[in-house]
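1. give the three-dimensional model of this entry:
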Amino acid sequence: MVAFLKFQIFFNLFFKILYVPLQKAINMYSLIKKKPCKCGCGKPPTIGFKGYNHLCKPEFKKDILERQKRREVVKLTSRKLRATMEPENEEKIKAILEEKQRLDKWFELIRKKLTGMCQCGCGKPSSKNDDKYYKFSCCHLFPKSIFKSILDHPENYLERAFWGGCHTNMDEAGMIKWKDKADWEQVKEKFHLLAPLLTDKERSHKFYRNLESLIYYGKLAD
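-> Below is the predicted model:
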């Protein structure tokens, strides 16, 4: 009984001292007429943006719309996407868009050249006839991230089954195993065709030196 009386006294004090004044303050704040963003969007203004919401200040809004268009045009990795959101990276954005356009045309061309079967000798079907995943079977012989000069060359490709794991194995299992595949002779022919088209810097890359050594000496470069 004593404990209950103490609780009741405490509750009454709390209600009078804290709750009532707090409720009055909330009610008064709710009566204050809040000005919306100057652009008329209805959003609340952001402090430091002169009456505009931070997304609506004229010069910012224009930049944001432009960047949004780029995001819709290009599907990028999170790192590349963050780069496009910086206004000073206009040249980098332009290069990314141009590279994507080159690759899109390349994938369409290579799709027509695919046979529909993985050429490593496994006998698995490739994704040639799959409108959504056909790109996964268009495997660059010289990686497009390194050898920019021939990233869209019509002979810089090998046909690999993606769902069977052959494309992934080619990229990750080690180049030394390439000479055991059914299309090794085709790889050598493509190497001799494409090597003269590379820049000196590209020919100095470890990937090129390993492939060259594997073709001529049957082993990777030291």
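
2. going forward, measure contacts between C-alpha atoms and count neighbours the same way
-> OK.

3. and residue 95, what helix or strand is that in?
-> Here residue 95, judged by DSSP states H and E, is contained in helix 90-113.

4. tell me the helix or strand right after that helix.
-> strand 138-139.

5. parallel or antiparallel, which strands does that next one pair with?
-> Applying DSSP bridges, strand 138-139 is found paired with strand 158-159 (antiparallel).

6. follow-up on the earlier one: mind giving me the packing neighbours of the helix holding residue 95?
-> Secondary-structure packing of helix 90-113 (3 or more Cα pairs under 8 Å, 6 or more residues apart in numbering; DSSP states H and E): helix 78-84, strand 138-139.

7. weakest of these in terms of mean pLDDT?
-> When these are compared by mean pLDDT, helix 78-84 comes last with a mean of 55.

8. so what's the nearest residue to residue 220 once chain neighbours are set aside up against?
-> In this structure, residue 220 finds its nearest non-sequential neighbour in residue 210, 4.7 Å apart by Cα to Cα, 6 or more residues apart in numbering. By Cα atoms under 8 Å, 6 or more residues apart in numbering, the contact set of residue 210 is 175, 219, 220, 221.

9. which one of those is nearest residue 135?
-> Taking Cα to Cα as the measure, residue 135 sits nearest to residue 175 out of the contacts of residue 210, at 21.4 Å.

10. where does the residue nearest to the closest one when sequence neighbours are not counted fall, helix, sheet strand or coil?
-> Among residues not flanking residue 175 along the chain, residue 211 sits closest, at 7.5 Å (Cα to Cα, 6+ apart). Counting by DSSP: H, G, I helix; E, B strand; the rest coil, the backbone at residue 211 sits in helix.

11. so residue 211 touches residue 174, yeah?
-> No: between residue 211 and residue 174 there is no contact under Cα atoms under 8 Å: 11.0 Å.

12. quick one: residues contacting the closest residue in space to residue 138 that isn't next to it in sequence.
-> Leaving out its chain neighbours, the residue that sits closest to residue 138 by Cα to Cα, 6+ apart is residue 159, at 5.6 Å. Residue 159 sits next to 114, 115, 117, 118, 119, 120, 126, 137, 138, 139 when contact means Cα under 8 Å, 6+ apart.
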